[in-house]
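Novice: Below is the sequence, then the predicted model.
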Amino acid sequence: MNDNTASKPVTRRTLAWVLLELLGSMNLAITLLVVVAVASVIGTVLQQNQPYPDYVLKFGPFWFEVFRRLGLYDVYGAGWFIGILAFLILSTSVCIYRQAPLLWRDMTRFRTGVQLRSLHGFHQQAEWHLAGCEPEKVRAELTGLLAARGYRWRLRTGDDHQVLAAMKGRYSRLGYLFTHVAVVVIGIGGLLDGNLWLKLKEWRGELRIETRDLPAGRIPPESRLAPGAVPAFRGNVMLPEGSAANFVFLRMRDGFLLQELPFAIELKDFQVAYYDTGQPKSFISQVLIHDQEQLGEQPLEATIRVNHPLVYRGYAIYQSDFGDGGSRLELRAWPLNSGHLEPSEARGAVGETLRVGGSTGGAMALELDDFRLFNLMPEPDAQPGERKFRNFGPSVGFKLRDAAGSAREYLNYMAPVQLEGRWFYISGMRDRPGAPFIYLHIPADPANSPQRFLRFNARLRDSAGLRALLEPPAVAVEDEFRRDLNRVRLNLVELFARGGFTAVTEQAKAVVPPERLKEATTLYMNILRDALAEVFVAVLREEGVNVEQAIGEREDAFFNDAVGAIAALPAYGSPFYLQMTGFQQVEASGLQVTRSSGSTVVYGGFLLLVIGVFIMFYTSQRRLWAWLAIEPTGIRMLLAGTGNRRQAEFAREFNELAAALARRLGPPEPEPVAPDAVHSSTRIGKRQ
Amino acid sequence: MAVTREAMLEQADQPSASLRLTAQEIVWAVLVVAGSLYAGLFYSASMDGYEMVILAGSALALIAWGRYWSPVRPLSVVVTVLVLLALWRYGDDYGLRQRDFWLKYFLESQAAFMWMSTLYVLATVTYFVALFSRSVFIGKTATALTWSATVMGLTGLLVRWRESYLLGADIGHIPVSNLYEVFILFALITALLYLFYEDRHRTRAMGGFALLAISGAVAFLLWYTFDRQAHHIQPLIPALQSYWMKIHVPANFIGYGAFALAAMLGVAYLLRQRAEARHPDGLLATVLPSLVLLDDVMYKAIALGFAAFTIATILGALWAAEAWGGYWSWDPKETWALIVWLNYAAWLHLRLSKGLRGAPMAWWAVIGLFVTLFAFLGVNMFLSGLHSYGTL
Ligand code: HEM
């Protein structure tokens, strides 16, 4: 029984001890360092915190779900990752806990109780045989030299010997302590500043992530955080000029939370300054802080720029983004698939949705997404390898959504752009978010307007007009061949207007046997070109251009560009070309507001870390012992020393010391020197 | 009165590392202080308080560095003279770089970098020739070439700094702002680190290997210049307009340079070890630097790199707190800096705890270079993030 009770605590202690041993072990430390490093890679390879639909698109529904469960879309906030970090902190703490007592002993004890045997094991040693010499005199010489080198010492007197134990640089030991405490401090501070608090609240059911697209005012209370509800957050708000907000949004996984602020930020003005080259030079927000509680009626005026945040009441406000705040646009929609070129005018602000009549009767939604005053892009006409930029001027970005809800995205530039010497109105289109834009190049006429192209295009879709032009009734009666040809011409032009070159080749495939296909297609294309040219000449004539002489090179190029653009219209997919005719810009500034209560802790940790690392690498603790054996014939003295780190420097110091001693006491005992030890700097008294 | 023998001995017994200043050191300190004061006063209009502090700090660091390692003094003097010469030739006209003989062929930043590149490559070859021929003279030539290359590179960087202001007062900035410029910085720092170890360990045997890393950087630089036209001075994007850049980037590159050096020594280590195993009396096994030396310098380089990288990452975090609203955002560049740091922390622990030496540590140092290279180049090439620092 006694045995049992006695043994139980022993086993328990052993278990705890084993755990402690494992946690504090260097092997675990090394493993954890590598594991954290490898785990961190994941989040850099997979873009984090993107909208969930993007991931579904990328991985498909199955892998999307697998990765979501693994927390790969927010690796650094995932439970398992934070767990590993916490484990590293724990392991380091245990390591410190176990090392600290040893450290203390190492710093405070002189080790006068050293054995002669162990002294003989040291790398640095020298031995003297001093006949007829008093120990006091030898000690005095020695301590004089040691003092000059900054050593402190203790003396122990035995029966037949005295031991002088000296050391210096004991604070070098603090390097370890500082470094590792710093790791723990930074780790804890960092965890406090992470989204641990939000996770905790969510886990306790106090908080629900909002995934709907709601205006701030309608966000339910369970998705709101009162000021001070969490000690750390990082949120964003987009403020149009002239508006104010007393909240920010915190992005969380596939939704967001609303964090209320104890003050309101009003954006008075937002400006982008540009270099002469057109690249942005600075983003500047002029803000007013309204805070009844602290400021009364008088708002605080401040300027926020990139790299120059405003810190107010422990909240830091940064310039992080910019965008459109509802610029008012004047628009003109030119129909693209009608024979009548009647433009309709519209006005709208960015962010609004306009109703437009679709081509096939169904109404379409025109969502005005974005306005940009400058569009700096790589110079399209640049030589390969040349780095030049060009400003493409104002642009409007919009979506056209049909009744079924599917949308295409467009990006139209206001002003024509010169490419290879010709001028074009450019409109980009994409039918998938994130896909690259495909551009439609509408040639600009001599009046720098898209109208000639649009008239030409409309003309191709005006059946009556086309017939009158390509199939004059007079000809139709007279000549059967001409009549057939005219019919083919008409047919081809209509086909082309509806489906581009593809429709023409499809048609050829349908009616011609395969072996004659190539020949027939070429013939079709030639006929089509001639017919299109005829229509084009008619358009020019209406415009008042003198077409009786040969058509100029400019018109020729225009024709080619126009035909190319018309051929691209079916893929362009919009029933109209939206021309921006005027705008009044309203900018919005994206501000980030953060609170990080742990930052002082972390910065303290940084300081400790730097001090610790330098102490650890660039200072060393050194110990010297002089063992004075008092023998009948005199004194036999063994001088030995050791230093942690910086062995070469210590060896140099030891040799200097031994040489100085030799000048006072005479040469040390000669030592056999091993041949391979010659290069080493421990030449005096090296023992193998 | 004659100095007694005792007194002489007494002096000889003083510890060598004393705080006493030699006359040369005093002259050095006075020169640096005078130069910095002049610069501070002359350019005070374009510096803010932080930058004044950085200037003062740099002056102190330069004094200390010159005391700790004396070749820094002639290096600084020669570079200063060359830079002043260039500034004098330039006056206020950037266009002179095409017209003025001295600028066009020697001192204009682009010309200086070409000299630097040529000299580093020559030095690399010369170090290897010296190694295999065991010629002291050729070895000295290689050292001289490396120093000359470093002088030209440093001059080029400083001249480029001024050139950016000649392009436009609002364009001017320290030339550590894009991949092109930091590659030059990388070459210079790696060279200086190597030259330091060469001097302290009194051996040129490591030269070829160290310079190989630099030649690699030069090759990249030439491709980047001629194929991508990356050498044009570009205005700074708003995120980089900060005094933090002046200290964060150089600190980082001390780390990168030291790690690269360690990796090259790791290569030499593995070669020598293999040679010793196969042909113990062969040429390779005898001319390559000794394993003990390589191991020692490799450790010192990694320790230095780790310390510098610690500071650099902390500076980066402080900067991020100011520019992006948080000291840590898990941005790819940041995260890779952490990965590099953890990697070398693991290396240091392994060496320390297990007393592990030899091939595994050398291999790890070599692999470490790839991790480092990814952090420094790969992130910009393959990953997107807040560090709009430079893409290829
Ligand atoms: C992120 C975590 C850690 C970092 C950054 C870190 C960093 C360092 C560094 C830089 C050194 C100096 C190495 C050298 O001088 O070559 C060191 C030494 C050391 N580390 Fe760590 N360490 C970490 C975690 C740990 C853990 C968990 C342990 C527990 C076993 C540990 C135990 C030690 C010990 C015993 C030393 C030797 C100290 C000496 O002899 O002066 N470290 N550490």
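Specialist: Good, I have the coordinates.
Novice: C-alpha only now, for contacts and for neighbours.
Specialist: Noted.
Novice: What count of nearby residues applies to residue 300?
Specialist: Answering for chain A, as no chain was given. When neighbours are defined as other CA atoms under 10 Å in any protein chain shown, residue A:300 has 14 of them.
Novice: Correction: the question concerned chain B.
Specialist: 17.
Novice: Report the secondary structure state of the closest residue to chain B within the stretch 451-600 of chain A.
Specialist: Nearest residue of the stretch 451-600 of chain A to chain B: residue A:594, at 6.3 Å (CA to the nearest CA). State at residue A:594, reduced to three classes by DSSP: H, G, I helix; E, B strand; the rest coil: strand.
Novice: Surely it is in contact with residue A:233?
Specialist: Yes. Assessed by CA atoms under 8 Å, residue A:594 is found in contact with residue A:233 at 5.6 Å.
Novice: Chain neighbours aside, what residue packs nearest to the residue of the stretch 451-600 of chain A closest to chain B?
Specialist: In this structure, residue A:594 finds its nearest non-sequential neighbour in residue A:234, 4.4 Å apart by CA to CA, 6 or more residues apart in numbering or on different chains.
Novice: Would you agree the one you found falls within a helix?
Specialist: No. Looking at residue A:234 with three-state DSSP, it is strand, so not inside a helix.
Novice: any idea of the pLDDT on residue B:151?
Specialist: Looking at residue B:151, its pLDDT is 98.
Novice: how deep is it tucked in, by neighbour count?
Specialist: Using other CA under 10 Å, residue B:151 has 21 neighbouring residues.
Novice: The one 5 residues further on too?
Specialist: The local packing of residue B:156 (other CA under 10 Å) involves 29 other residues.
Novice: so it touches residue B:113, yeah?
Specialist: Yes. Residue B:156 lies in contact with residue B:113 (CA under 8 Å); the separation is 6.0 Å.
Novice: Specify the local secondary structure of residue A:364.
Specialist: With three-state DSSP as the basis, residue A:364 sits in strand.
Novice: what's near enough to touch the residue of the stretch 451-600 of chain A closest to chain B?
Specialist: A:232-235, A:315-317, B:325-326 (CA atoms under 8 Å, 6 or more residues apart in numbering or on different chains).
Novice: before we move on, the earlier item: between residue B:156 and residue B:113, which contacts overlap?
Specialist: With contacts defined as CA under 8 Å, 6+ apart, no residue is shared by residue B:156 and residue B:113.
Novice: rewinding a little: how about the contacts of residue A:594, which pair is most distant?
Specialist: Spatially, the most separated pair among those is A:232 and A:317, at 13.6 Å (CA to CA).
Novice: These two - which one has more neighbours?
Specialist: Taking other CA under 10 Å, residue A:232 and residue A:317 do not tie; residue A:317 has more neighbours (25 against 20).
Novice: tell me which of the contacts of residue A:594 is nearest to the ligand?
Specialist: residue B:326 (20.5 Å; CA to the nearest ligand atom).
Novice: secondary structure element for that closest one?
Specialist: For residue B:326, there is no host helix or strand (DSSP states H and E).
Novice: Kindly report the domain assignment for chain B.
Specialist: Following the assignment in automatic domain parsing, chain B carries domains at B:23-68, B:105-386.
Novice: Least confident of the contacts of residue A:594?
Specialist: residue B:325 (82).
Novice: Angles on the backbone of it, please.
Specialist: phi 90, psi 0 (degrees, to the nearest 10).
Novice: tally of neighbours for it?
Specialist: If we define neighbours as other CA under 10 Å, then residue B:325 has 26 of them.
Novice: ok, now the one 4 residues further on?
Specialist: One way to gauge burial is a neighbour count; for residue B:329, by other CA under 10 Å, it gives 17.
Novice: picking that back up, the contacts of residue A:594 into a markdown table, with extra columns for distance to residue B:243?
Specialist: Below are the contacts of residue A:594 laid out as a markdown table (distance: CA to CA, whole Å):
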| residue | distance to residue B:243 |
| --- | --- |
| A:232 | 27 |
| A:233 | 27 |
| A:234 | 24 |
| A:235 | 26 |
| A:315 | 23 |
| A:316 | 19 |
| A:317 | 19 |
| B:325 | 17 |
| B:326 | 17 |
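Novice: filter those down to the ones near the ligand?
Specialist: Taking CA under 6 Å from any ligand atom as the test, the ligand is in contact with none of the contacts of residue A:594.
Novice: Adding distance to residue A:666 as columns, could you present the domains of chain B in JSON lines?
Specialist: Shown next, in JSON lines, are these (distance: least, CA to CA, whole Å):
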{"stretch": "domain B:23-68", "distance to residue A:666": "34"}
{"stretch": "domain B:105-386", "distance to residue A:666": "31"}
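Novice: Deepest-packed of the ones you listed, please.
Specialist: Highest mean neighbour count among the domains of chain B (mean count of other CA atoms under 10 Å in any protein chain shown): domain B:105-386, with a mean of 20.
Novice: still on that earlier bit, between the domains of chain B, which one is closest to residue A:160.
Specialist: Per CA to CA, nearest to residue A:160 of the domains of chain B: domain B:105-386, 37.8 Å.
Novice: Using PDB, list the CA coordinates for the top strand by length along chain A.
Specialist: Identified as the longest strand of chain A according to DSSP state E is strand A:255-274. Taking C-alpha atoms only, strand A:255-274 is exported to PDB below (Å, rounded to 0.1, in the frame of the first residue of the first chain):
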ATOM      1  CA  GLY A 255     -19.400  37.800 -45.900                       C
ATOM      2  CA  PHE A 256     -18.800  40.700 -43.600                       C
ATOM      3  CA  LEU A 257     -19.500  42.300 -40.200                       C
ATOM      4  CA  LEU A 258     -20.200  45.900 -39.400                       C
ATOM      5  CA  GLN A 259     -18.000  47.500 -36.800                       C
ATOM      6  CA  GLU A 260     -19.400  50.700 -35.400                       C
ATOM      7  CA  LEU A 261     -17.000  53.600 -34.600                       C
ATOM      8  CA  PRO A 262     -17.400  56.100 -31.700                       C
ATOM      9  CA  PHE A 263     -17.000  58.900 -34.200                       C
ATOM     10  CA  ALA A 264     -17.900  59.700 -37.800                       C
ATOM     11  CA  ILE A 265     -15.600  60.300 -40.700                       C
ATOM     12  CA  GLU A 266     -16.700  62.700 -43.400                       C
ATOM     13  CA  LEU A 267     -14.800  62.800 -46.700                       C
ATOM     14  CA  LYS A 268     -14.600  66.400 -47.800                       C
ATOM     15  CA  ASP A 269     -12.500  65.900 -50.800                       C
ATOM     16  CA  PHE A 270     -10.400  63.200 -52.500                       C
ATOM     17  CA  GLN A 271      -7.700  63.900 -54.900                       C
ATOM     18  CA  VAL A 272      -5.300  61.900 -57.000                       C
ATOM     19  CA  ALA A 273      -2.100  63.800 -58.000                       C
ATOM     20  CA  TYR A 274      -0.300  62.600 -61.000                       C
END
